[in-house]
Structures are given as C-alpha cells and as structure tokens.
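Participant: Sequence first, predicted model second:
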Amino acid sequence: MIRVGIVGCGRMGENHCRIVRELNGVSIVGVVDPNPDRARAIAANYSIEQAASRLEELLERTRVDAVHILTPPTTHAPLACTALHAGCHVLVEKPMALTAKEAEQMLDAATQHDRILTVGHNHLFEPVVREAHARVVAGRLGRLVGLDVFHGCLPGSPPWVADLPSGPWINDMSHPLYLSQLFLGEPLAIRAVGHPHASRQKVREVRVATQHAEGVSTLTLSTDTAPFQHRLTLFGTERTLEVDLINEILVETRPFSGHRWLRKGRAVLDVSTQLLLGAGRNACQVLTGRARGWPGLRSLIQAFYAAIETGGPSPVPPIQGVRVVTHLEEISRQLLIMPDTARPGAKPAHDAGK
C-alpha cells in the first residue's frame, strides 16, 4: 500500500483527494495546510486520519511514501525538497518553481535520493491533446509549421495568485509553454510583451512568440478574458486542427476544390458536422456516467503511481519542468524591460532605441 500525503487543501487539494481515493493500492494517510481548520475539514470529509499544519509535522507522525504538493508556487521548492530528502516520491503542481535555481535544487534532491519527481503538466494527458498529437504524428496535417495556444483564467482564483511575482499570468503560463514544446520541440528564441507595464503594476495579459526549429508558436495568457477558454490550434501544410480543451472537441479544417461558394459551403458543413458529433459524443458520455472531471489530471496521477510501482520513469520528467521554469524566467525578464509607452512622455517603441 502506497501511503500518501496531500499538501495544500484548496481546490486542487480537493481534486487530488477525490482522484487518489479511487486508486487501488493507494491510501491517503494525511493532509497538510497552514490553515488548521481547512486541513481538519478536508481530513474529515475524506476520512483521513492525520491533519497537520506543516509537512514536517506529518512526516514525524506517520510513514509517507508519496507527497502531492498543491500549494502556491513560492512554496514548491522547499516543500518538495523536504519530502524528497525524507524519502518520498513527489508530484508537484505547475509551475514547478518560480526560478530555475529552485527547480534545479528539486531535480538534484530527486536524483540524490533516487525518488520520482513528477510535474503537474496535466494537459499533456488530456484525451483531446493526445488525439491531436496522434494526428500530427500520423501526418494528417502535413508538415506542422506553427501553433497557437490561448489560455484564460478561471474566475475566483485564490488571493495568492494576484500576489505572484510579475503578475497572475505566471501561475498558468506553464500550460502554453509545455504544449508548444510537445508539438514543436524546445524553443530556440522567445519574445514576450504584456499589459500593463510590469514596472507600474502586475501584468495581466501576456503574449509570447516562440521560435522552434520547425516553426513558430504564439502563446497567450489572459487573466481577464470572458468566458474562460483554453484552446490550441495546430497549423499544417495540408490541414489545420483546432482543439477545444474546455469542451473537449477537435475540429479539423481542410481545403476543398470547386467554385468558391461551393468550397465555402462544404467547409461550413464539414466544421458543423464535426462540432455536432463532438458535442453529441460528450453528451452521451455525461448521460451514461462515463464522463469524469479532470481526465488529464486523473491520467497523470494514475501514471505517477504506476511509475512508483514499477520504478519509473516519471510521466512528466522534472527536467521538463526545469526547462519550462527557465522560459518563465526569461518571459518575466522581458516583461520588466518592456518599453512603458503608457507613461506620459514615454517614447513610442520604434523610437525607444534612439
């Protein structure tokens, strides 16, 4: 039996508790939260024996084999290192850390103690993303030349999100970064702009253009856009694939021949059919009880425990998390030096170097 500790009893803590409880051979033996009342409440709700306000306290009380770290990013590195040095396997929420130095310390601790460290890049495991990747690998889109990722933010985020360095965007920007790397590989160059200017207040809107060996990706993180959206568009030389991660629908567009009005009609019919079939499939899954929330997270957690049982490898290697954190640092740096054209008397961007 793998004995598990859940650190962080907010929304994600609830999700992880619910999913872990469904697994065979895994038992949650304790929860940790600096708010003792919240820790006790979630422990009572899921019939968990131990509730503590500090991870060290839980580790002293009982044996723990694996720890889920679901706390604000500023705490990820110290908590993960504490758990790893205690001999625990660790699943840590994204972003892995806020600095590359911290992320590398976590990687070193996992290597030193031969423990599995997995980063919560859960969208890699979403069924629609896996299907999209399979289509790209099969060559259905032709040669992939670019992609666009848009990620909004759910309303009602906890207060600590607004207090993150540079702005709330950094909490979710990992998703667009690792998705672009899944399809186009490691970035060769990154260019970032944001609004408002980082020196005046927290950045809320970020746009990133990333150059890869085989194409270009554009990544958007919006904290104010409504309604909440998360979508991925893949551009190929033969077809384009649109992936809606919220509604879990894929739409593949392709060129048609004939008169322009005929081409337009066939394209509209093709897209409408795919949307109706996707919506119908999702409705059937809901009505039959086969649809389950957080499918990507569920698959990631299952893969984490499978890796523990078999001795690895990690389903999301920590080196991937380190690379994403390195890119986050570079984006933050560029946002800080971005010309402040909103300031009275500031020079326009094209005059900034004169």
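Facilitator: Nice, I can see it.
Participant: Residue 50 versus residue 87, what's the distance?
Facilitator: 18 Å (C-beta to C-beta, to the nearest Å). Every residue, glycine included, has its C-beta placed from N, CA and C.
Participant: Of those two, give the one with the bigger neighbour count.
Facilitator: Applying other C-beta atoms under 10 Å to residue 87 and residue 50 shows that residue 50 carries more neighbours, namely 17 against 13.
Participant: Verify the stated contact: the more buried one with residue 27.
Facilitator: No: the pair residue 50 and residue 27 fails to qualify as a contact (C-beta atoms under 8 Å) at a distance of 11.5 Å.
Participant: what residue ranges in the stretch 251-354 of the chain score low on pLDDT?
Facilitator: Across the stretch 251-354 of the chain, the ranges flagged by pLDDT under 70 are 340-354.
Participant: correction: the chain
Facilitator: 198-201, 340-354.
Participant: What is the longest helix anywhere in it packed up against?
Facilitator: If you go by DSSP state H, the chain has its longest helix at helix 260-287. Where contact means 3 or more C-beta pairs under 8 Å, 6 or more residues apart in numbering; DSSP states H and E, helix 260-287 is packed against strand 249-253.
Participant: about what we covered before: got the angle between the longest helix of the chain and strand 249-253?
Facilitator: 160 degrees (axes from the mean of the first three to the mean of the last three C-alpha atoms, to 10 degrees).
Participant: How far does helix 260-287 sit from its chain's centre?
Facilitator: Centroid separation for helix 260-287 versus its chain: 28 Å, with C-alpha atoms, centre = their mean, to the nearest Å.
Participant: If you count neighbours, what's buried in the helix or strand just after that helix?
Facilitator: Of the helices and strands lying after helix 260-287 in sequence (DSSP states H and E), the nearest is helix 295-310. Buried residues in helix 295-310, counted by 16 or more other C-beta atoms under 10 Å: 296-305, 307-308.
Participant: Let's have those residues in a markdown table, adding distance to residue 12.
Facilitator: Listed next are the buried residues of helix 295-310 as a markdown table, based on distance: C-beta to C-beta, whole Å:
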| residue | distance to residue 12 |
| --- | --- |
| 296 | 13 |
| 297 | 9 |
| 298 | 13 |
| 299 | 16 |
| 300 | 12 |
| 301 | 11 |
| 302 | 17 |
| 303 | 17 |
| 304 | 14 |
| 305 | 17 |
| 307 | 20 |
| 308 | 20 |
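Participant: Greatest separation within the residues you listed: which pair is it?
Facilitator: The distance between the two most remote of those (C-beta to C-beta) is 19.2 Å, for 296 and 308.
Participant: which residues in the protein form helices?
Facilitator: Here the chain has its helices, by DSSP H, at 11-21, 36-45, 55-61, 76-85, 100-113, 127-138, 159-162, 174-184, 260-287, 295-310, 318-336.
Participant: For the ones you listed, give me a markdown table that also has distance to residue 221.
Facilitator: Shown next, in a markdown table, are these (distance: least, C-beta to C-beta, whole Å):
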| stretch | distance to residue 221 |
| --- | --- |
| helix 11-21 | 18 |
| helix 36-45 | 28 |
| helix 55-61 | 30 |
| helix 76-85 | 19 |
| helix 100-113 | 19 |
| helix 127-138 | 18 |
| helix 159-162 | 12 |
| helix 174-184 | 7 |
| helix 260-287 | 25 |
| helix 295-310 | 18 |
| helix 318-336 | 9 |
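Participant: So which of those helices is nearest residue 120?
Facilitator: Distance to residue 120, taken as C-beta to C-beta, is lowest for helix 295-310 among those, at 6.8 Å.
Participant: Residues in contact with the closest one: which ones?
Facilitator: By C-beta atoms under 8 Å, 6 or more residues apart in numbering, the residues outside helix 295-310 that reach it are 2, 15-16, 19-20, 23, 25-26, 65-66, 89, 91, 116, 118, 120-127, 129, 248, 292, 313-316.
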